[in-house]
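Q: structure for this input, please:
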Amino acid sequence: VESKEQSGPDVLRLATDLAATLRVDLFDTLYHAVAIDRGIELITTNLDYVRRASHLGHIRLLSDWAARARIAERDKRYSRRDRQNKR
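A: Below you'll find the model as predicted:
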């Protein structure tokens with residue numbers, strides 16, 4: 001996402017409102033507030049947060065993300081060392 005400022009007052013206010021309404025940590029809502037503000041989707045593995053916030057939109061579990069299968073090779077594990085040795 002091309003963006004230079006993601007912590008403007010409106011985004012911080014929204015994140016604070018989400019945290020209070022959903023009864024979650026502010027940290028969990030900051031990324032979601034940015035996604036809502038930018039009109040994009042937050043992809044996360046935080047199932048508890050998705051259950052609490054899915055009615056607001058702009059959020060999806062990584063396991064439900066359709067593009068996931070097209071991003072990486074399946075069933076193959078890479079370690080940092082493996083990638084460095086291949087260079």
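
Q: so where's this structure uncertain?
A: 1-7, 66-87 (pLDDT under 70).

Q: just the strands in it please.
A: 42-44, 59-61 (DSSP state E).

Q: what lines up beside the last one in the sheet?
A: Within its sheet, strand 59-61 is paired with strand 42-44 (parallel), according to DSSP bridges.

Q: coming back round to it: adding mean neighbour count, write the strands of the chain out as TSV.
A: From N, CA and C alone the C-beta is placed, and that goes for glycine too. Below are the strands of the chain laid out as TSV (neighbours: other Cβ atoms under 10 Å):
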stretch	mean neighbour count
strand 42-44	18
strand 59-61	17
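
Q: any idea which of the ones you listed gets closest to Val34?
A: strand 42-44 (7.8 Å; Cβ to Cβ).

Q: one step back: can you list the strands of the chain in JSON lines and add distance to Arg23?
A: Listed next are the strands of the chain as JSON lines, based on distance: least, Cβ to Cβ, whole Å:
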{"stretch": "strand 42-44", "distance to Arg23": "17"}
{"stretch": "strand 59-61", "distance to Arg23": "16"}
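
Q: who wins for proximity to Tyr31 among those?
A: Per Cβ to Cβ, nearest to Tyr31 of those: strand 42-44, 5.4 Å.

Q: what residues does that closest one touch?
A: Tyr31, His32, Val34, Ala35, Val50, His58, Ile59, Arg60, Leu61, Leu62, Trp65 (Cβ atoms under 8 Å, 6 or more residues apart in numbering).

Q: find the residue closest to the fifth one in space, skipping its chain neighbours.
A: Spelled out, that is Val50. In space, and not counting its chain neighbours, Val50 is closest to Leu61: 5.3 Å by Cβ to Cβ, 6 or more residues apart in numbering.

Q: beta-bridge partners for that neighbour, please?
A: Residues in beta-bridge contact with Leu61 (DSSP bridges): Thr44.

Q: now the helices for the protein?
A: In the chain, the helices defined using DSSP state H lie at 9-22, 26-38, 47-53, 68-71, 80-85.
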